[in-house]
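Enquirer: Structure for this input, please:
(one chain, ligands or ions: 1)
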Amino acid sequence: MAFIDKIKERAKADKKTIVLPESMDKRTYEAAEKILKEGIANLIIIGTPEEIEKNGKGFDISGATIVDPYNDPNKQKYIDKFVELRGKKGVTPEVAKEQMEKDYMYYACLMCKCGDADGAVSGACHSTGNTIRPALQLLKTKPGISSVSGFFLMEVPDCEFGENGLFVFADCAVNTDFDSNKLAEIAGLSAESFKMLVGAEPKVAMLSYSSMGSAKHDDVTKVADAVKIAHEKFPELKLDGELQLDAALVPSVGEAKAPGSSVAGHANTLVFPSLEAGNIGYKLVQRLAKAGAYGPVLQGLSMPVNDLSRGCFADDIVGVVAITAVQAQQA
Ligand code: ACO
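Expert: Below is the predicted model of the structure:
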């Protein structure tokens, strides 16, 4: 069974409520119809009757709960919560109301925060920054986590590497500024994400253009230091580095460049040294190897909120909703 079909089955086994704020995009309705028909999640769609009528025409979304952000009996509760959370940042009831009406992602995150939804998915017609900023501001990180990062679950066809072609790639989406501590934290979160979604033991490679000291540069030291920190923080985790990509994936190269490593040649969780590397890396594999790329899935947030690519298809939304529901089951 394909990875995403297994995730859908898991989502169906304990249905969660996911909120979709992009009522201005037709793909939301196409996806919603499929999600409801397959029983993957309960859905809330945020939109005015006009938006729903105009964009949802022809799709059966009768099983979804529609929340009109201008006429919602719960709206005052969300305004109060927004002010409670962001009053110190200057958010007054008027600002909260305006922000929630202007940007439904704020509304969606407040629904999650107040316990009326288990997670949210957006980004089919909003940039990554605009999708995740409300979640960072309102939902915040899990206790003990300093920053949210974004991974892709990559499913590479006909691939003998990783876990039969399944990988986690991180951080491909969020942090523009990495230090060794942040890299170590991303490694720990990525390992958890791999275990949760794939169900196999994570083997984490901390990637670089150097393998085990073969090159000297501050960028290499940053990754080597992250490896030391990660070993201290997660002593039980199979993690190694710094490793070049071929040493991480290919057993013969791993043996030559990092003899004795339990990860080199067998890695299934790839931690990139910068956002450029991670973002370019996942797109290379997606386009050239025709890999499935599910995400960016956010890790480290207190509740599951996930982004979509603006080039996504309705089926991608279905997949990310299923992943979000499975994350919510673990919360
Ligand atoms: N983890 C947790 N909290 C964070 C993080 C993080 N990684 N980054 C920012 N925050 C918090 C801040 O502490 C701040 O909290 P506060 O308002 O309570 O003080 C809040 O989020 C807003 O932070 P800002 O720095 O003001 O927000 P900004 O919008 O400038 O930056 C963002 C956040 C959007 C994540 C930014 O880092 C960004 O744009 N990243 C790159 C996104 C991107 O373009 N990715 C590539 C494309 S994705 C793709 O190709 C699929």
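Enquirer: sec struct for residue 296, please.
Expert: strand (DSSP: H, G, I helix; E, B strand; the rest coil).
Enquirer: correct me, but it touches residue 306?
Expert: Yes - with contact defined as CB atoms under 8 Å, residue 296 reaches residue 306; the gap is 7.2 Å. Using the backbone N, CA and C atoms, a C-beta is placed for each residue, glycine as well.
Enquirer: Just want to know which of those two has more residues nearby.
Expert: With neighbours defined as other CB atoms under 10 Å, residue 296 and residue 306 compare such that residue 296 has more, 29 against 26.
Enquirer: For that one, give me its contacts.
Expert: 128, 150-152, 172-174, 306-307 (CB atoms under 8 Å, 6 or more residues apart in numbering).
Enquirer: and what of residue 254?
Expert: With CB under 8 Å, 6+ apart, residue 254 has these contacts: 243, 247-248, 261, 263-266.
Enquirer: Buried residues in stretch 177-192, which are they?
Expert: 178, 180, 182-192 (16 or more other CB atoms under 10 Å).
Enquirer: circling back: which of the contacts of residue 296 fall within strands?
Expert: Under the assignment DSSP state E, these contribute 150-152, 306 to strands.
Enquirer: Out of the residues you listed, who's the most crowded?
Expert: That'd be residue 151 among the ones in strands among the contacts of residue 296, by other CB under 10 Å, with 30 neighbours.
Enquirer: Correct me if wrong: that residue contacts residue 192.
Expert: No - applying CB under 8 Å as the test, residue 151 and residue 192 come out as separate, 10.4 Å apart.
Enquirer: shared neighbours, the two?
Expert: residue 299.
Enquirer: check which helix or strand covers the nearest residue in space to residue 227 that is not next to it in sequence.
Expert: The shortest distance from residue 227 to any non-neighbouring residue, by CB to CB, 6 or more residues apart in numbering, is to residue 241 (4.5 Å). Assigned by DSSP states H and E, residue 241 belongs to strand 238-243.
Enquirer: Sheet-wise, list the partners of that strand with their directions.
Expert: Strand 238-243 pairs in its sheet with strand 203-207 (parallel), by DSSP bridges.
Enquirer: Output the helix or strand harbouring residue 45 as PDB, nothing but the C-alphas.
Expert: Per DSSP H and E: residue 45 is located in strand 42-46. The C-alpha coordinates for strand 42-46 follow below in PDB (Å, rounded to 0.1, in the frame of the first residue of the first chain):
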ATOM      1  CA  ASN A  42     -14.400  15.900   9.900                       C
ATOM      2  CA  LEU A  43     -14.100  19.300   8.200                       C
ATOM      3  CA  ILE A  44     -14.700  22.900   9.000                       C
ATOM      4  CA  ILE A  45     -14.600  25.400   6.100                       C
ATOM      5  CA  ILE A  46     -14.400  29.100   7.000                       C
END
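Enquirer: Does anything pack onto it? Which helices or strands?
Expert: Counting contacts by 3 or more CB pairs under 8 Å, 6 or more residues apart in numbering; DSSP states H and E, strand 42-46 packs against strand 17-20, helix 26-38, strand 65-67, helix 104-113.
Enquirer: buried set for stretch 231-238?
Expert: Result for stretch 231-238 [16+ other CB under 10 Å]: buried residues 234, 237-238.
Enquirer: Nearest residue to residue 112 in space, please, no chain neighbours.
Expert: Nearest to residue 112 is residue 303, by CB to CB, 6+ apart, at 4.9 Å.
Enquirer: How about the contacts made by the one you found?
Expert: Applying CB under 8 Å, 6+ apart to residue 303 gives the contacts 112-113, 118-119, 135, 139, 328, 331.
Enquirer: The same query, at a cut-off of 10 Å, please.
Expert: 109, 112-113, 115, 117-120, 135, 138-140, 142, 324, 327-328, 331 (CB atoms under 10 Å, 6 or more residues apart in numbering).
Enquirer: Narrow these to those that are buried.
Expert: 109, 112-113, 117-120, 135, 138-140, 324, 327-328.
Enquirer: Can you lay out those residues as TSV showing secondary structure, distance to the ligand and pLDDT?
Expert: Shown next, in TSV, are the buried ones among the contacts of residue 303 (DSSP: H, G, I helix; E, B strand; the rest coil; distance: CB to the nearest ligand atom, whole Å; pLDDT from 0 to 100):
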residue	secondary structure	distance to the ligand	pLDDT
109	helix	12	98
112	helix	16	98
113	helix	13	98
117	coil	20	98
118	coil	20	98
119	strand	17	98
120	strand	16	98
135	helix	9	97
138	helix	9	98
139	coil	10	97
140	coil	7	96
324	helix	16	97
327	helix	16	96
328	helix	19	97
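Enquirer: The nearest residue to residue 307 once chain neighbours are set aside and the ligand, how far apart?
Expert: Spatial nearest neighbour of residue 307, chain neighbours left out: residue 123 (4.0 Å); criterion: CB to CB, 6+ apart. For residue 123, the distance to the ligand equals 8 Å [CB to the nearest ligand atom, to the nearest Å].
Enquirer: what do you get for residue 301?
Expert: Distance, residue 301 to the ligand, by CB to the nearest ligand atom: 8 Å.
Enquirer: Is that residue bridged to anything, and to what?
Expert: Partner residues in beta bridges with residue 301: residue 141, with DSSP bridges as the criterion.
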